[in-house]
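>>> model the following, please.
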Amino acid sequence: MEQVTDQTRMGSETGDRRQATGDGQFRKGADIAQRLLDFAVVSLKLAARLPRDLAGRHVASQWIRSATGAGANYEEARAAESRADFIHKVGVAAKEMREACYWLALVGATRMLEGVSSALMTEGRELTAILAASARTARSHARQDAA
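You can find the predicted model right below:
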């Protein structure tokens, strides 16, 4: 049984959790991107251990799609061509993370997989809140710029 702890969740965490770009600069949002990647990795490993029956395969497929989709959409948001593009893509990332939390909760509620760590659910909820707040902030700034 893989337990997710604060130490395993962030594998290669540095003090300020920012990723260097190679030229001494830090990429904006790299800490969130790493947390999303870590969440997806743990989700993939756990989903692979779900039962191979119809329900297990369905839940695994949906959980994997949403857990990995959150990070992929966030990476797209970081490379957005406009503020509107960023708002849309980070909003999609938040929805995917919210969905991943649903599938994780379902796994726990049905006991498809014993001992699923509450730390993973906590991390998913935190990431959902961060992504949703990012979309709200960007939307607010867009309104201010338009005024």
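>>> give the buried residues for stretch 101-120.
Residues Cys101, Trp103, Leu104, Val107, Gly108, Met112, Leu113, Val116, Ser117, Leu120 are the ones in stretch 101-120 that count as buried (16 or more other CB atoms under 10 Å). For every residue, glycine as well, the C-beta is placed using N, CA and C.
>>> which residue, other than its chain neighbours, is closest to the fifth one?
This means Gly108. For Gly108, ignoring the flanking residues on the chain, the nearest one in space by CB to CB, 6 or more residues apart in numbering is Val116 at 5.1 Å.
>>> which pLDDT value goes with the one you found?
pLDDT, Val116: 84.
>>> hmm, what's the outermost residue in the protein?
Using CA atoms, centre = their mean, the residue of the chain lying farthest from its centre is Ala147. It sits 32.8 Å away.
>>> elements contacting the helix or strand where Arg125 lies?
Taking DSSP states H and E as the definition, Arg125 sits inside helix 118-146. Identification of packing neighbours for helix 118-146 by 3 or more CB pairs under 8 Å, 6 or more residues apart in numbering; DSSP states H and E yields helix 6-9, helix 30-47, helix 54-78, helix 83-110.
>>> the residue nearest to the spatial centre of the chain and Thr68, how far apart?
Nearest to the centroid of the C-alpha atoms of the chain, with distances taken as CA atoms, centre = their mean, sits Leu36, at 3.6 Å. Noted for Leu36: a distance of 9 Å to Thr68, by CB to CB, to the nearest Å.
>>> thinking again about what came up before, thinking the residue nearest to the centre of the chain is in contact with Tyr74, fair?
Yes: the pair Leu36 / Tyr74 is scored as a contact, 5.5 Å apart, by CB atoms under 8 Å.
>>> so what sits against both of these two?
Common contact partners of Leu36 and Tyr74 (CB atoms under 8 Å, 6 or more residues apart in numbering): Ala93.
>>> for the buried residues of stretch 101-120, give me TSV that also has distance to Val59.
Converted to TSV, the buried residues of stretch 101-120 look like this (distance: CB to CB, whole Å):
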residue	distance to Val59
Cys101	13
Trp103	6
Leu104	10
Val107	6
Gly108	11
Met112	7
Leu113	9
Val116	12
Ser117	17
Leu120	15
